[in-house]
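Enquirer: coords please:
(one chain, ligands or ions: 1)
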Amino acid sequence: MSLNEVRVSVLSLQSCQSDIRTGMDILTDVAMDLAEAREEGVHTGIKEMEVMILECAKLDREIDYFVDIVDQVTSAARAQQPEALVNLSATVKEQFTERIAQLSDADLHNHSKVMAFKDSIKTSFNQANEESAENMEELDEDIAVTQSQVNFTCPLTQVEMVNPMKNKKCNHHYEEPAILDLIKRRHSQNKKCRCPVVGCGNANVRESDLILDQVLRRRIQSQKRQNSHT
Ligand SMILES: [Zn+2]
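Expert: Sure, this is the predicted structure:
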């Protein structure tokens, strides 16, 4: 191998290295998206990406050392007789192995791109946390509004429902026996049963439209308990 060939090889190795560094930037971008998305398994995903970026950092560092050693060995060879070139690759290999053996994986965490990766993810998580805190506040307000909107009183009995049934068509609630009784009476008169809620356009309430609303039932019960305590 001529010194010129060595030069070309080193240059192509350095272009690989620049690809590796671009890859590290992309990994960081994807990890940030992941952190912001806060989806399930996000921590496992980021952990896996950290392993990948550390692998890249290791490669990047090894290329640095390798190129450095090749430079030293070739410039030393240039000063000597052409015969020195024979042992060039063996010398590089020997020195490289020796140098790499002294390196620690812990140092990889100080690689500038690994540090940028960690820092970016921390920022993304913090941002996502702030946003989600805001979302939670909005959600709480929404729940408060819907809770006040849902009437616990049955439009038929005018008392608080015990077994509320929800009409899947118009979303109104009625006490179970009261609405079933009304439907039966109307149907026995060969008439349709109109939704008893004032202003509701649902002119045909059928038993098959009704479903027991367990969520509302629990909510009424828990409010009842709270009221009895205060
Ligand atoms: Zn209705």
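
Enquirer: what residues does the chain have near the ion?
Expert: With Cβ under 5 Å from the ion as the criterion, the chain comes near the ion at residues Cys170, His172, Cys195, Val197, Cys200, Asn202. No exception for glycine: its C-beta is placed from N, CA and C like everyone else's.

Enquirer: by neighbours, which of those wins?
Expert: Cys195 (22 neighbours; other Cβ atoms under 10 Å).

Enquirer: and the pLDDT for it?
Expert: Listed pLDDT for Cys195 reads 96.

Enquirer: I'd assumed Cys170 was in contact with it.
Expert: Yes: under the criterion of Cβ atoms under 8 Å, Cys195 makes contact with Cys170 at 5.5 Å.

Enquirer: got any residues that touch both of the two?
Expert: Gly201, Asn202 (Cβ atoms under 8 Å, 6 or more residues apart in numbering).

Enquirer: residue ranges with poor pLDDT in the protein?
Expert: The chain contains residues with pLDDT under 70 at 1, 81-85, 134-150, 230.

Enquirer: quick check: the gap between Glu176 and Arg218.
Expert: From Glu176 across to Arg218, the span is 15 Å (Cβ to Cβ, to the nearest Å).

Enquirer: err, Leu27, not the other one
Expert: Taking Cβ to Cβ as the measure, Leu27 falls 46 Å from Arg218.

Enquirer: among the residues of the chain next to the ion, which are in helices?
Expert: Using DSSP state H, no member of the residues of the chain next to the ion falls within helices.

Enquirer: same list, those, but as TSV with distance to Asn87 please.
Expert: Output for the residues of the chain next to the ion, formatted as TSV (distance: Cβ to Cβ, whole Å):
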residue	distance to Asn87
Cys170	90
His172	92
Cys195	96
Val197	95
Cys200	95
Asn202	93
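
Enquirer: quick one: which of those residues is nearest Leu212?
Expert: His172 (14.1 Å; Cβ to Cβ).

Enquirer: for the closest one, which residues are in contact?
Expert: Taking Cβ under 8 Å, 6+ apart as the test, what His172 contacts is Pro155, Lys166, Cys195, Val197, Cys200, Asn202.

Enquirer: which stretches of this structure form strands?
Expert: Assigned by DSSP state E, the strands in the chain fall at 164-167, 173-175, 210-212.

Enquirer: want to throw the ones you listed into JSON lines with mean neighbour count?
Expert: Formatted as JSON lines, the strands of the chain follow (neighbours: other Cβ atoms under 10 Å):
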{"stretch": "strand 164-167", "mean neighbour count": "22"}
{"stretch": "strand 173-175", "mean neighbour count": "23"}
{"stretch": "strand 210-212", "mean neighbour count": "14"}
